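Asker: predicted model, plus sequence, below.
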Amino acid sequence: MKLVITMSRRFGTGASVIANELSKRLDIPVYDKAYIEQKLGEHEYETEADAIRKLAEKPCIILGRCASDILKDRMNVLNIYVCAAKEDRIHRIMKLENLSYDAAKERVEKTDEQRAAYYYEHTGKTWGDVNDYHMILDTSELGVDHCADILMQYFERLEYI
């Protein structure tokens, strides 16, 4: 499998859980903001876009960082957007980070705002526009635990794996 998966997501959707489960099942690495920033700090790459292009030379999963846009012209890339109802995301963050409702709500809203601004700054596009993704997963409807199964079935059906 030479598939590269990009996963954009709203904060609190469980996308990192989905990415890590896919990583185990497909035996490919997950690269996130921290990993890419570490490589930039080590001066392995000049820009995040350079890092993402280099990492995508091999099968992997890239969380966020405008990877869907950076890799848009590659045929082996599947761009996924993970969303969920705002209330579900707030309750997930309350539980994961032991926050009050108001603190979790503020964290969800602020993080989404930052991600939207980052995406627009680097792409000139609206974050979460359905036209930029091959697949959208709503974890409120599908459940975080089922999304990796759905994706694996999809990959098998299209003979990606």
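Answerer: On my side now, so go ahead.

Asker: SS state for the closest residue to Ser8 other than its chain neighbours?
Answerer: Closest residue in space to Ser8, ignoring its immediate chain neighbours: Tyr81 at 4.9 Å, by C-beta to C-beta, 6 or more residues apart in numbering. For the C-beta atoms, the positions are set from N, CA and C on the backbone; glycine is no exception. Following DSSP: H, G, I helix; E, B strand; the rest coil, we place Tyr81 in the strand state.

Asker: pretty sure Tyr81 contacts Asn131?
Answerer: No. With contact defined as C-beta atoms under 8 Å, Tyr81 does not reach Asn131; the gap is 10.5 Å.

Asker: ok, those two, which is more surrounded?
Answerer: Tyr81 (23 against 6; other C-beta atoms under 10 Å).

Asker: and that one, bridged to which residues?
Answerer: Per DSSP bridges, the residues bridged to Tyr81 are Ser8, Ile136.

Asker: quick one: pLDDT of it?
Answerer: You'll see Tyr81 listed with a pLDDT of 96.

Asker: what sits against it?
Answerer: Applying C-beta atoms under 8 Å, 6 or more residues apart in numbering, one finds that Tyr81 lies in contact with 7-9, 68, 128, 130, 132-133, 135-137.

Asker: Tyr119 belongs to a helix?
Answerer: Yes. Under three-state DSSP, Tyr119 sits within a helix.

Asker: without its sequence neighbours, what residue ends up closest to it?
Answerer: Tyr119 sits nearest to Trp127 (C-beta to C-beta, 6+ apart), 3.7 Å away.

Asker: just Ala49 next, same as before
Answerer: Once flanking residues are discounted, Ala49 sits nearest to Ile70: 5.0 Å by C-beta to C-beta, 6+ apart.

Asker: count the neighbours of the one you found for me.
Answerer: Using other C-beta under 10 Å: Ile70 sits among 22 other residues.

Asker: residues in contact with it?
Answerer: Applying C-beta under 8 Å, 6+ apart, the residues near Ile70 are 49, 52-53.
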